[in-house]
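> Need coordinates for the following:
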Amino acid sequence: MSENRNGKRQGGIKRRDVLKAISVAPVALLPMGTALAGEKKGAGSAAAKAASGYQRKVFNEHEWETVKVLSDLIIPADESGGSASQAGVPAFIDDWLNFQGGNLKPGILGGITWLDVECNRAFGHDFVRCTTAEQKKMLDRIAYPGKAAPEDANYVAFFNDLRDLVAAGYFSSKMGLDDLHYLGNRPSNEWNGCPENVLEKIETNLKKLGVGLNVSST
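All right, here's what the predicted structure looks like:
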C-alpha cells in the first residue's frame with residue numbers, strides 16, 4: 001500500500017501526512033460533513049467513544065475486531081503518534097454508522113463480509129487471522145481505484161468510505177489533533193492568515209491525491 005488512493009506514488013510523503021491533508025480539506029471531502037459536524041448532532045468524539053465501557057451499536061464482535069485491524073493498517077502508530085484504534089476510531093465509526101449511516105452502513109458491513117470471503121478463498125481464513133502481508137495484499141486489490149478490476153468497484157468504494165471515516169475519526173480525536181498541532185479554539189488579538197508554507201504543504205499533498213484546492217492566506 002505504498003501508493004495513494006488514485007494509484008499515483010506519494011514519493012517521500014507518508015500516508016499519515018496525506019490523510020492529514022484530507023482532514024483539513026474542504027468539508028465536502030470528508031464523509032457527511034466531517035466528524036465534528038456529527039459531534040454537534042450527538043455522535044460524539046472518537047476520544048470519548050474510546051472510553052472503557054463503550055457499548056457497540058452496529059458491529060458484532062468479529063466486525064469490531066476487523067475494523068480495528070483495518071483502522072490500524074490505514075493509520076498505524078509511528079513517531080508522530082498512536083494508531084487509529086488507540087485513538088478510539090473503531091468506536092467513532094460504530095457510533096457514526098449507528099447515528100446516520102444511511103447507505104454507508106450496508107456498504108461498510110458488506111465490505112467486511114467480502115474481505116472475509118475473499119481471504120478465505122485466497123488464504124484459508126478470515127481477514128483478521130491473515131498475516132499482515134496477506135492483509136495488505138488483499139487491500140492492495142481495492143485501495144487504488146485506477147488499478148482495481150471493474151468487478152471490484154463496489155469494494156473499492158467500500159475501502160474509500162472506510163478510509164475517509166478512519167481519517168475523520170482520527171484527526172478529530174485528541175491524539176489526532178495533537179498530531180495536526182491544532183491551534184484552534186484559542187483567543188487571538190489578530191489574524192494574519194494561514195502561513196504560506198502551510199498552504200503550500202496542503203496544496204502539494206492534495207495535488208498528490210488528485211484534488212484541487214483554491215486557497216488563500218487572506
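> Would you agree residue 106 falls within a helix?
Yes. The assignment for residue 106 (DSSP: H, G, I helix; E, B strand; the rest coil) places it in a helix.
> Compute the distance between residue 135 and residue 160, please.
Noted for residue 135: a distance of 18 Å to residue 160, by Cβ to Cβ, to the nearest Å. Backbone N, C-alpha and C define where each C-beta goes, glycine included.
> and what of residue 94?
19 Å.
> Between residue 135 and residue 160, which has more neighbouring residues?
Higher neighbour count among residue 135 and residue 160: residue 135, with 20 against 16, using other Cβ atoms under 10 Å.
> Contacts for the one helix or strand that one maps to, please.
Residue 135 is located in helix 132-140, with elements delineated by DSSP states H and E. Residues outside helix 132-140 that contact it (Cβ atoms under 8 Å, 6 or more residues apart in numbering): 1, 69, 73, 115, 118-119, 122-123, 127, 130, 159.
> Would you map the helices across the protein?
15-23, 34-40, 46-49, 61-74, 89-100, 104-123, 132-140, 153-170, 174-180, 196-208 (DSSP state H).
> For residue 147, which of those is the nearest?
Closest to residue 147 of these, according to Cβ to Cβ: helix 132-140, at 8.3 Å.
> which parts of that closest one are buried?
Buried residues in helix 132-140, counted by 16 or more other Cβ atoms under 10 Å: 134-135, 138-139.
> pLDDT-wise, which helix or strand of the chain ranks last?
Here the helix or strand of the chain ranked lowest by mean pLDDT, DSSP states H and E is helix 34-40, holding a mean of 38.
> low-confidence ranges in the chain?
1-52, 101, 181-185, 208-218 (pLDDT under 70).
> rerun at 50
2-13, 20-51, 212-218 (pLDDT under 50).
> Run a quick neighbour tally on residue 154.
Neighbours of residue 154 (other Cβ under 10 Å): 12.
> and it, what does it touch?
Per Cβ under 8 Å, 6+ apart, neighbours of residue 154: 107, 110-111.
> Let me see the contact set for residue 97.
57-58, 104-105, 108.
> distance of residue 106 from residue 68?
20 Å.
> actually residue 154, not the one I typed
For residue 154, the distance to residue 68 - Cβ to Cβ - is 23 Å.
> for residue 54, same thing?
From residue 54 to residue 68 the distance is 13 Å (Cβ to Cβ).
> out of these two, which sits in the more crowded spot?
residue 68 (20 against 15).
> need the contact list for the more buried one.
85, 90.
> What is the burial count for residue 200?
11.
> try the one 3 residues further on
For residue 203, the tally of surrounding residues (other Cβ under 10 Å) stands at 16.
> do residue 199 as well
15.
> Equivalent analysis for residue 73, please.
Residue 73 has 19 nearby residues by other Cβ under 10 Å.
> from the contacts of helix 132-140, which two are the most distant?
Taking Cβ to Cβ, no two of the contacts of helix 132-140 sit farther apart than 123 and 159, at 18.1 Å.
> Which one's more surrounded, the two?
A direct count of neighbours by other Cβ under 10 Å for residue 123 and residue 159 places residue 159 higher, at 23 against 16.
> I'd say that one and residue 141 touch.
No. If you go by Cβ atoms under 8 Å, residue 159 and residue 141 don't touch, sitting 9.3 Å apart.
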